[in-house]
Structures are given as C-alpha cells and as structure tokens.
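>>> below is the sequence, then the predicted model.
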Amino acid sequence: MKSVQTRSADLFQRARAVIAGGADSPVRAGGAVGSPPPVIACAHGSHVIDVDGREYIDYLCAYGPVLLGHSHPAVTAAVARALEDGAVFGATHPEEIRLAERIATLMPSMERLRFVSTGTEACLSAVRVARAFTRRETLARLRGNYHGHSDEMIFSAGASSDSAPTLASGITSAVVNGVLVLPYNDASAIERALESETVAALIMEPIAGNMGLVLPEDGYLSRVREACARSGTVLIFDEVITGFRVGLGGAQERYRIRPDLACIGKTLGGGLPIAAFGGRRDIMACLAPEGSVFQGGTFAGNPVCVAAAHAFLDVLEADAGFYERLDMLARRLAGGAREALSNAGLQYPVVQLASMVDFSFRAGAAPRDYAQAAQADGDEYARYYWKMLASGIFLPPSKMELMFVSAAHTVEDIDVTVDAMRHGLARA
C-alpha cells in the first residue's frame, strides 16, 4: 500500500526538477519503501502534519535530533531572543564558551572541544586530529556504523547508505586503502587488527544506531578500549546519536568507558544544527592555532544554535525524571511491539534501549552485527511502512533506521501506535 496524498506527490515531482534526486538526503526519497514519503508541512510535539493536512505520530524524529519534541517552547524562545542580537558573528562569544564548559562537565572525556555544525564534520575532524597526533595514516572503523558522508566513512556504512568503495560512488582507491573495515561486536577482530596494523584511530558507535539498533555485547567495549590503549590507537566514540539521548553523559557514561575523542550532535541543538568533537587535551592541542591541523567553519558555534543548545540542556538538567519517563514510554512501545509480533505469529526480536526502539524483519536473536541486520526483509518492511502510515504513524522509510521516542510522546501516542502495529503486522 502506498500513499495517496496528491499534493505530496505533486511537490515531489517539482522537487525532482530542481533538487538532485528530489531530496537533500537519499533516504528521504523513499526508494527503500517504493515511493516517496509524505511531504511535511509542520511539526509540533510528537506529531508531524503533511501538506495534505494529515497528522501522524512521529517516530522518525528527524533521524534522532528530536528529543524534547518538535517546536519545544524553551528552544523556540531562546532562538528568537538570540536572533535579535545577531545570527552569526564570525567571532568567539560568551555563550559559546559557557556551552563548551557545560558539555565538558557532562562528558568529562571532552576535556577540550570544538563546535561544528554537523555530525559529519565532527567525525571527519576527529579522525584528522587523531592522524596528526599519532603520525599514522590508517583508519579503522566498523561495518554498519555510520559516521557521516565523508569519503572515508561512507562505504560499508549503515544509515541506509549503499555506497560501494569504488569510483562509481566517488571514492578513490587511495581513500579505500587507508581504511580498515571490521565487524561490529567482534573484539577479537579488533585486537588482531590493531596488533598487526599501525592504526591511527578506531572510530565506532558505542551503541550502533544506523543498522537498526544493535547493542554492544557484554565486555565488548572494555576490550576495544584496552586494545586501543595497548596499540596507541586513538579511540573515537561517535555519540552523534547517543549523546544526551541515552543520558546526560552519553553511552560513555552508561558503559563507563572513556574514549580518547568523542563526537556529539543531533539532539544537542534541540532541532537546530550544532555538533562538537573533543577529547584529551594533548590530542586536541594538535588543532591550529596551537598545532598544525586546520579545522574551522563559518557557522561553527553561532549564537543562535548555541542558544538552542543551552535551552535544550536547561530542560534536561531541570527535570530529574526526564530519562526515566522516556525509558518508560520506550519500554511500553517495545512491549506492545513484542505482543503485536507474537499475535501475528512473527518471531522478530525487539530491541530497546533508553528512547530507542527497533525490530528487524528477520527471525531469531537480535542482530549483533551488520551482516545479521542486513538479513531483514526490505519488501516486508515496505509493506508494513505504508500500512502504518495509513494508520497515522510516521516511521523511517528504511529497514536500517530505528524508532525514536521523544519527551513529547504520551502514553496515548504509544497505545495508538501499538494498536496500529497489530493491524500493520497482520498477514491479511
């Protein structure tokens, strides 16, 4: 079943004439589900409304940034105030410094940091700094982990990217030869690789959120940390998704693993584009003007996005029960999904952590790596996607993404969603 919204269809045709592929990110074009998703006109709280006037409960949450809910009043007010004093200065300002201090307190591994606008920038900058610090060239990363669309990150990645390590994808052999791609959740593979190779950095999602939701196995992150320490490899945690979503201190606090560098973004701006990378003081000293590594951006640390980030953190820090309530809602959603799957006679594993929920269309235990996650039936997911959309539930248009719960979701939202799952998963 596919969307019948006529205005959305007309707008997508217009978009194809002037926007490459009709969308600014490939997954938005809906190729994985057979047709473009609705064109969205506005969003408030836990709901989005398309250009045809249809309202949906939103679990896409912009692929992760929406944690407080859409159009949160505290963020909206902070942005309006900041705009009155100027949108961008091209110079350091007091609130930028205060935000860096707040983040360093919440995530002690980020002893010194730099602001950027996107997670892609944060990850590629962290790798560049790690190379300068170690004077090594090879980058190690994990199959199915997504760290943005830079050349060395985009192939063998998650997040609905099917880029191959070839010139057809714009990737040179020189780039490919400098990257070592290893399986997720296989500590032995990392240990062997770091013993035999001279690796500048290992970048990884501590909790994989771009091939569905794949959790680290017990002891895995500790062994990775130890292997990097032994070999002098810089360990980079990509917490662009998990930072502030799984807790104020991110996954590194949750698992008590301190990386050498970390990247954060998505939720930080309360819906506006701001990200950061940072870590050990000695490594970050490689950045100009102290060191020789250039990194910068015109909009980095701009006062509007910084104001949004302060408002976002203010809300989190003022609400002692924030994460407990989110976890309760996500557990209710996951439990409802398990019941709906069971009623449909489907043995699909449901994975939930904090405000993230996922189930892949494959039977058996929860996936532990990309090879297993990729076994999910994309055609079956596409049918489910359109059924859920018809029931007023907005999901990601790809089997590789996951459901996010925001603070704006209600118990009623969850129960309506579970009821829709029962119908969406029925074989009839």
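In hand now; what should we look at? None of these values were measured; they are calculated from a predicted model.
>>> okay, now the domains of the chain?
What automatic domain parsing lists as the domains of the chain is 6-71+320-425, 73-318.
>>> mean pLDDT and mean neighbour count added to these, as CSV?
From N, CA and C alone the C-beta is placed, and that goes for glycine too. Below are the domains of the chain laid out as CSV (pLDDT from 0 to 100; neighbours: other CB atoms under 10 Å):
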stretch, mean pLDDT, mean neighbour count
domain 6-71+320-425, 96, 19
domain 73-318, 97, 20
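>>> does Glu380 really touch Phe361, like I thought?
Yes - using CB atoms under 8 Å, Glu380 is in contact with Phe361, at 4.6 Å.
>>> need the strands for this structure, in chain order.
40-44, 47-50, 55-58, 112-116, 138-142, 179-182, 199-204, 234-239, 261-264, 275-279, 350-353, 356-359, 393-394, 403-404 (DSSP state E).
>>> so which of these comes closest to Asn302?
Taking CB to CB, strand 112-116 is the member of those nearest to Asn302, at 8.6 Å.
>>> now Leu248. Nearest residue, chain neighbours left out?
Leu106 (5.0 Å; CB to CB, 6 or more residues apart in numbering).
>>> run through the residues that contact the one you found.
248-249, 313 (CB atoms under 8 Å, 6 or more residues apart in numbering).
>>> ok, now Thr410?
Contacts of Thr410 (CB under 8 Å, 6+ apart): 46, 329.
>>> now with 7 Å?
Ser46 (CB atoms under 7 Å, 6 or more residues apart in numbering).
>>> beta partners of Val116?
Ala275 (DSSP bridges).
>>> my guess is it contacts Thr298, does it?
No - taking contacts as CB atoms under 7 Å, Val116 lies outside contact range of Thr298: 10.8 Å.
>>> chain neighbours aside, what residue packs nearest to the residue most central in space within the chain?
With distances taken as CA atoms, centre = their mean, the residue of the chain nearest its centroid is Ile241 (3.4 Å). Spatially, and ignoring its direct neighbours in sequence, Ile241 is nearest to Gly209 (4.3 Å; CB to CB, 6+ apart).
>>> now Phe12
Pro36 is the one closest to Phe12 (CB to CB, 6+ apart), at 4.5 Å.
>>> return the distance of that neighbour relative to Gly53.
According to CB to CB, to the nearest Å, Pro36 stands 17 Å off from Gly53.
>>> which residues are in contact with the closest residue to Thr118 other than its chain neighbours?
Of all residues not flanking Thr118 in the chain, Ala275 sits nearest, at 5.5 Å (CB to CB, 6+ apart). Ala275 makes contact with 116-119, 121-122, 240, 264-265, 268, according to CB under 7 Å, 6+ apart.
>>> rerun that using 6 Å as the cut-off
For Ala275, the contacting residues are 116, 118-119, 122, 265, by CB atoms under 6 Å, 6 or more residues apart in numbering.
>>> about what we covered before: phi and psi next, for the residue nearest to the centre of the chain.
phi -90, psi -50 (degrees, to the nearest 10).
>>> ok, it to Asp282 distance?
27 Å.
>>> correct me if wrong: the residue nearest to the centre of the chain contacts Gly64.
Yes - Ile241 lies in contact with Gly64 (CB atoms under 6 Å); the separation is 5.0 Å.
>>> find residues that contact each of those two.
Lys266.
>>> circling back: now the contacts of Ala275 as JSON lines including distance to Val79?
Output for the contacts of Ala275, formatted as JSON lines (distance: CB to CB, whole Å):
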{"residue": "Val116", "distance to Val79": "19"}
{"residue": "Thr118", "distance to Val79": "18"}
{"residue": "Gly119", "distance to Val79": "20"}
{"residue": "Ala122", "distance to Val79": "21"}
{"residue": "Gly265", "distance to Val79": "17"}
